[in-house]
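Visitor: Here is the input, now give the coordinates:
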Amino acid sequence: MQQIRQFASRHLYHHAEQAARPLFEAVKKHAKVIRAELAGSLRRHKETIKDIDIVASCKEADRAAIMDFFTKLPTVQNIIAKGDTKSSVLLENGIAADLRLTTDKDFPYLLHHLTGSAEHNIALRGHGQKLGIKVSEWGLFKGEKLIRCKDETEIFAALGMSYVPPELREDTGELDAALKDKIPRLIENEDLKGVLHCHSTYSDGANSIREMAEECRRLGFEYFGICDHSMSVYYAKGLSPERVKQQHKEIDKLNAELKGFHIFKGTECDILPDGKLDYPDNVLASFDFVVASIHSSMNMTEEQATKRLIKAMEHPAVKIIGHPTGRLLLGREGYPINHRKVIEAAAELGVSIEINASPHRFDLDWRYCKYAAEKGVQISINPDAHEVAGIADIFYGVGIARKGWLRKNEVLNTKSTKEIAKWFRETR
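Guide: Next up, the predicted model:
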């Protein structure tokens, strides 16, 4: 009951994003709307979302018509409040959505303010005060004079800063970096070259290896790493050594057929309670790469969980640690780990840590990505897809990686097929 109360007002990112997208597109395309953007925690790519915020600009005379249009959109269940500058609705899926209207002149200031976070905004106002500039949702003011800004880039420039991407606006050092013009070029969707850690019908997936590979290729990727469950995960049809051999024969045939695309032989190998791996060494050696994850005996102390992960990483076959805390957002707290110790061990051993891009997980937490990058740990953005439709979850993971300050060269699967094959062979 405590967890239900704790999570009742939050929503998983993909549920909010999927609900927000048609609302936003409808508002943006309205003939009387000049500019429109999503704001709030969705724009900042927080791991869970409270509500949907949309900001739009228009002429004052058009506000009533736009609000009428917004409150009558098909997915609106109830109107909570309706006014000329702000309307709030409840959608069919139970998520609240707000539309704020302003003049086009004031649009950048309101967009920045409503994007947040509150902590970022407070820090920015404090910086502005040092310059004698008042920062608010109504504008930047030097005394009574408005500093005109046509967009957010000009807002930051007026405060002596380079542009801060929305994902970084959490008061975690972004203002200092912007003042020094040291905001990194964050990873983007198109930087990813391949997809690792997905499942097929060999274990608990809904689609065949061929179907999963073909969807990866359709999305523009050049390789795919299958990672079905290992043998102790009986409830998910974990593969015996004999079935591993069968799967590898199928992959060899597919690789001979799928020209210009490569399937890597991987496994999501369970980390047993004592930190050992779920396959003997001769089976582990048959894979191109091993993702090691915990799925059982999860009631651990921080010391026990940390030691278990590090012991698994010490096995030379392990290339990636999967969903390091085992959390399920809004459903299950992860087991406690000492993130810094795990990251430091991964750096020493040359092991990658996964951002599990499933919106139910987003694990590694974005708050630890920056430290991992500083230590030289490669982060692998993996969808953990169990069906064709789940492969595109990898792009949610890019949002989490951006929130964690990650650049292209700090993400494992931005490597080409040739580069990542070499990394798999030579990294340990």
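Visitor: Residue 67 is in contact with residue 99, isn't it?
Guide: Yes: with contacts counted by CB atoms under 8 Å, residue 67 reaches residue 99, the gap being 7.1 Å. The C-beta positions use only the backbone N, C-alpha and C, and glycine is treated the same way.
Visitor: shared neighbours of the two, anything?
Guide: residue 87 (CB atoms under 8 Å, 6 or more residues apart in numbering).
Visitor: okay, those two: which has more neighbours?
Guide: Using other CB atoms under 10 Å, the more surrounded residue of residue 67 and residue 99 is residue 99, with 25 against 20.
Visitor: Tell me how far the helix or strand encompassing that one lies from the chain's centre.
Guide: For residue 99, the element it lies in under DSSP states H and E is strand 96-102. Centroid separation for strand 96-102 versus its chain: 25 Å, with CA atoms, centre = their mean, to the nearest Å.
Visitor: Which other helices and strands does it contact?
Guide: helix 13-29, strand 52-57, helix 63-71, strand 86-91, helix 107-115 (3 or more CB pairs under 8 Å, 6 or more residues apart in numbering; DSSP states H and E).
Visitor: could you check the angle strand 96-102 makes with the last one?
Guide: Taking axes from the mean of the first three to the mean of the last three CA atoms, to 10 degrees, one finds helix 107-115 and strand 96-102 inclined to each other by 160 degrees.
Visitor: then helix 107-115 to CSV, C-alphas only?
Guide: Output of helix 107-115 as CSV, limited to C-alpha atoms (Å, rounded to 0.1, in the frame of the first residue of the first chain):
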residue,chain,number,x,y,z
PHE,A,107,7.1,32.2,-25.5
PRO,A,108,10.8,31.5,-24.8
TYR,A,109,10.6,32.7,-21.2
LEU,A,110,7.5,30.6,-20.4
LEU,A,111,8.9,27.6,-22.2
HIS,A,112,12.2,27.8,-20.2
HIS,A,113,10.3,28.3,-16.9
LEU,A,114,7.8,25.4,-17.4
THR,A,115,10.6,23.1,-18.6
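Visitor: Of all the residues in the helix or strand following it, which ones are buried?
Guide: Next in sequence after helix 107-115, counting helices and strands by DSSP H and E, comes helix 118-130. For helix 118-130, burial by neighbour count (16 or more other CB atoms under 10 Å) applies to 120-121, 123-124, 127-128.
Visitor: residues making contact with the next helix or strand after helix 118-130?
Guide: For helix 118-130, the following helix or strand on the C-terminal side (DSSP H and E) is strand 134-136. The contact list for strand 134-136 (CB under 8 Å, 6+ apart) reads 109, 113, 121, 124-125, 128, 140-142, 159.
Visitor: okay if I get the residues you listed as JSON lines plus distance to residue 394 and pLDDT?
Guide: What follows is the contacts of strand 134-136, written out as JSON lines (distance: CB to CB, whole Å; pLDDT from 0 to 100):
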{"residue": "109", "distance to residue 394": "34", "pLDDT": "98"}
{"residue": "113", "distance to residue 394": "32", "pLDDT": "98"}
{"residue": "121", "distance to residue 394": "31", "pLDDT": "98"}
{"residue": "124", "distance to residue 394": "32", "pLDDT": "98"}
{"residue": "125", "distance to residue 394": "36", "pLDDT": "98"}
{"residue": "128", "distance to residue 394": "38", "pLDDT": "98"}
{"residue": "140", "distance to residue 394": "38", "pLDDT": "98"}
{"residue": "141", "distance to residue 394": "43", "pLDDT": "98"}
{"residue": "142", "distance to residue 394": "45", "pLDDT": "96"}
{"residue": "159", "distance to residue 394": "35", "pLDDT": "98"}
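Visitor: Sounds good, over and out.
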